[in-house]
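S.K.: Structure here, sequence nowhere to be found:
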């Protein structure tokens, strides 16, 4: 039997953590590192996602087929949340393994999993190692469990510290940006009121000129152009006033999936290109208390932005995910509507400006759509997050729990 060098394995883990681009990026390397030191035929690492209450697989070669997400409320996760001991497959535990297999869409049977090692560090339970090995070799199993436990105390705190640093930076940026947007909103409201009077005067004077020189084609054409442009300016002013002076909230309880499907059904078919597929996925039935009309305004605006991002592509998709997650403690629950498109993403040069008022890349745009949407989500005591890469863009509409 090959000897197991515990210290050498931990040195190898430390080097891999240092070489990885991020602590979370190390997760895909860990199963292979374990396989180099211990006699395993298959090793799959499930680790808690940074967003949402699901665990994602890392480090498998894919020969067992697609690896499902495992939900936090599943029997597999709940069974090991407070358990630090390993579990091997045997006559006494066969019932549990069959139950876990149903949580994982038959993965245990497909991959021949017969050993489960929970990943704990300090107060965190963050994952599970699913292994196929010779469980009759008790020393090897014990050594593998000890090595995994020691490695977990190294990489889990690093991943959590990385996540907390990212959250702190994000929260600081949100606070800074929102304070600036509030100030801009107040300025915009004052400017909008001041502009209405001179624009009304322009319209009256243009009408007077037309009534006196109505027979002149040049005057008539100029009057039409003035009226059209003043009307465009008034629409912009209305948008500013809608943003700066919201009416009282009309809060009611409704189910998020029904709300999304009903709103999608109200969108004219011609607005959705034939080559674009829209899919809705909900983890469970989620009931929220919010202003349905304002949430609809935000959702439609974000959806149309996603459709525009797919314009000109031969095919594309928009995935709408509805899920709940909590930050730190289970009682800090919030609900998320994630609108993900498969477009080219937001260019890096403008990524930090998309929520600024009047910033737009459209010829006819006002640059207030996302700005107003962000502000609406804040009045709903929620938030709007934008994540983008060359794989597409995801906009999270975040709502507080009831």
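M.R.: Yep, it's here. None of these values were measured; they are calculated from a predicted model.
S.K.: which other helices and strands contact the strand or helix carrying residue 36?
M.R.: Assigned by DSSP states H and E, residue 36 belongs to helix 30-37. Under the contact definition 3 or more CB pairs under 8 Å, 6 or more residues apart in numbering; DSSP states H and E, helix 30-37 sits against helix 6-19, strand 40-48, helix 138-212. C-beta: built from backbone N, CA, C; applies to glycine.
S.K.: weakest of those in terms of mean pLDDT?
M.R.: Here the helices and strands packed on helix 30-37 differ in mean pLDDT, and the lowest is helix 138-212 at a mean of 75.
S.K.: after that helix, next one along is what?
M.R.: On the C-terminal side of helix 138-212, the nearest following helix or strand under DSSP H and E is helix 217-244.
S.K.: coming back round to it: with respect to residue 285, which of the helices and strands packed on helix 30-37 lies nearest?
M.R.: For residue 285, the closest of the helices and strands packed on helix 30-37 is strand 40-48, at 22.7 Å, according to CB to CB.
S.K.: The next helix-or-strand element following the closest one pairs with which strands, parallel or anti?
M.R.: Sequence order places strand 54-58 as the next helix or strand after strand 40-48, per DSSP H and E. According to DSSP bridges, strand 54-58 forms sheet pairs with strand 40-48 (antiparallel), strand 70-71 (antiparallel).
S.K.: contacting residues around the last one?
M.R.: Translated: strand 70-71. Strand 70-71 has contacts (CB atoms under 8 Å, 6 or more residues apart in numbering) with 46, 53-55, 76-77, 103-104, 283.
S.K.: Repeat that for the longest one.
M.R.: Residues from elsewhere that reach strand 40-48, judged by CB under 8 Å, 6+ apart: 24, 27, 30-32, 34-35, 54-60, 64, 67, 70, 72, 107, 111-113, 119, 126-133, 144, 159.
S.K.: of those, buried ones?
M.R.: Taking 16 or more other CB atoms under 10 Å as the criterion, what is buried in the contacts of strand 40-48 is 24, 27, 30-31, 34-35, 54-60, 64, 67, 70, 72, 107, 111, 113, 119, 126-133, 144, 159.
S.K.: any idea of the pLDDT on residue 386?
M.R.: Residue 386 carries a pLDDT value of 88.
S.K.: Would you mind naming the residues that bridge with it?
M.R.: residue 395.
S.K.: of all the strands paired with strand 54-58, which lies closest to residue 292?
M.R.: Ranking those by proximity to residue 292 (CB to CB) places strand 70-71 first, at 27.3 Å.
S.K.: just checking, what packs against the next helix-or-strand element following the closest one?
M.R.: As assigned by DSSP H and E, the chain's next helix or strand after strand 70-71 is helix 75-80. Applying 3+ CB pairs under 8 Å, 6+ apart, we find helix 75-80 packed against strand 70-71, helix 94-103, strand 124-133.
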